[in-house]
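Trainee: have a look at this prediction, sequence included:
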Amino acid sequence: MTTWLPDLTQQRGPRYRAIADALAADITTGKLPTGSRLPTHRDLAYKLHVTVGTVSRAYAEAERRGLIGGEIGRGTFVRARVDSAPTPAPLATDWPRRYRHMRMHSCLHLLCAAVPAGVTGGSIGDGKGRLDFDAGETVLDKAAIEAKVNALIAQNLPVTSRWIDDAEMESRPELVRTMSVKPPSGQGRVRLMEVAGTDLQPCGGTHVRATGEIGAVRVDKIESKGKRNRRVSLSLVE
């Protein structure tokens, strides 16, 4: 057991907090290394001329801060230095995977232009994606949609972004293609993504710079998802 005795002359506030602060300071300076066993509540109370309850409260505060921990039958020990830095975790962007997501995201905007119906749902995956449309009685032709989307890709249309304020967004409801999800409001402005002459709608995601970057795509299937809903699934042709 350490003979630790805190210096409270420079500490302010309630005694229990002063003890906890002194404990933190001594851990920071290395005076109390990790694993040090602290005096019992009674021993420290006697040496500091405070009540056992004050020491108990001080230790509880230090434990709340993550400085110390008690072990039944063994005592109270320093858990970690206050200034110890966490071990950095390696972080890297999987660029090929992210780029496939970007290509598919831009592709889904072209799909919006190819299918004249409201969007009721969607999903973007690694090299694949889908949109659900409120098609009603409209018959969606798989080959025709695939040809139209690939034609737009081949035009290498610029993909750009710009901002409009909330008031303009409110006055232009036709910009919103998604029927169940509305663009965020209340921040003062909304970001628009535009495929030149083809699609313009609110979007906060990442995209390619021109449609030619998407590459060839195929429509894998068109499914019925209810009386009015039709799901169009696409994938990149790698």
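Mentor: Yep, it's here.

Trainee: low-confidence stretches in this protein?
Mentor: Scanning the chain for pLDDT under 70 picks out 1-2, 80-86.

Trainee: next, the residue sitting nearest the centre point of it: phi, psi?
Mentor: Computing the C-alpha centroid of the chain and ranking residues by Cα atoms, centre = their mean puts G205 first, at 13.1 Å. Backbone torsions for G205, taken as degrees, to the nearest 10, come to phi -90, psi -180.

Trainee: ok, now which ones touch it?
Mentor: Applying Cβ atoms under 8 Å, 6 or more residues apart in numbering to G205 gives the contacts 105, 124, 193. Where you see a C-beta, it was placed from the backbone N, CA and C, and this is true even at glycine.

Trainee: surely the second one and M102 touch.
Mentor: No - under the criterion of Cβ atoms under 8 Å, I124 lies out of contact with M102, with a separation of 9.3 Å.

Trainee: between these two, who's got more neighbours?
Mentor: Neighbour count, other Cβ atoms under 10 Å: between I124 and M102, M102 has more, with 20 against 17.

Trainee: which helix or which strand is home to the closest residue to A135 other than its chain neighbours?
Mentor: Excluding the flanking residues, the one nearest A135 by Cβ to Cβ, 6 or more residues apart in numbering is R230, at 4.3 Å. If you go by DSSP states H and E, R230 is part of strand 229-236.

Trainee: what strands line up against that strand, and which way round?
Mentor: Its sheet considered, strand 229-236 pairs with strand 128-134 (antiparallel), strand 217-224 (antiparallel) by DSSP bridges.

Trainee: and the next helix or strand after the first one, what does it pack onto?
Mentor: The one in question is strand 128-134. Once strand 128-134 ends, the next helix or strand along the chain (criterion: DSSP H and E) is helix 142-154. When contacts are defined as 3 or more Cβ pairs under 8 Å, 6 or more residues apart in numbering; DSSP states H and E, helix 142-154 packs onto helix 95-114, strand 217-224.

Trainee: nearest to D132, of those?
Mentor: Nearest to D132, of all these, is strand 217-224, at 9.1 Å by Cβ to Cβ.

Trainee: neighbouring contacts of that closest one?
Mentor: Strand 217-224 has contacts (Cβ under 8 Å, 6+ apart) with 107, 128, 140, 142-143, 145-146, 149-150, 153, 230-237.

Trainee: one more pass at 10 Å, please.
Mentor: Outside of strand 217-224, the residues within contact range by Cβ atoms under 10 Å, 6 or more residues apart in numbering are 103-104, 107, 110-111, 114-115, 127-130, 132-133, 135, 139-150, 153, 229-237.

Trainee: same thing with stretch 87-98?
Mentor: So stretch 87-98 is contacted by 99-102, 126-127, 206 (Cβ under 10 Å, 6+ apart).

Trainee: if you count neighbours, what's buried in it?
Mentor: For stretch 87-98, the neighbour count (16 or more other Cβ atoms under 10 Å) marks no residue as buried.

Trainee: mind checking how far that stretch is from the chain centre?
Mentor: For stretch 87-98, the gap between its own C-alpha mean and the chain's C-alpha mean amounts to 14 Å (Cα atoms, centre = their mean, to the nearest Å).

Trainee: one more: stretch 231-238?
Mentor: So, by Cα atoms, centre = their mean, the centroid of stretch 231-238 is 26 Å from its chain's centroid.

Trainee: coming back round to it: buried deepest among the helices and strands packed on helix 142-154, which one?
Mentor: Neighbour counts (mean count of other Cβ atoms under 10 Å) averaged over each of the helices and strands packed on helix 142-154 peak at helix 95-114, with a mean of 19.

Trainee: give me the next element, helix or strand, following that one.
Mentor: Once helix 95-114 ends, the next helix or strand along the chain (criterion: DSSP H and E) is strand 118-124.
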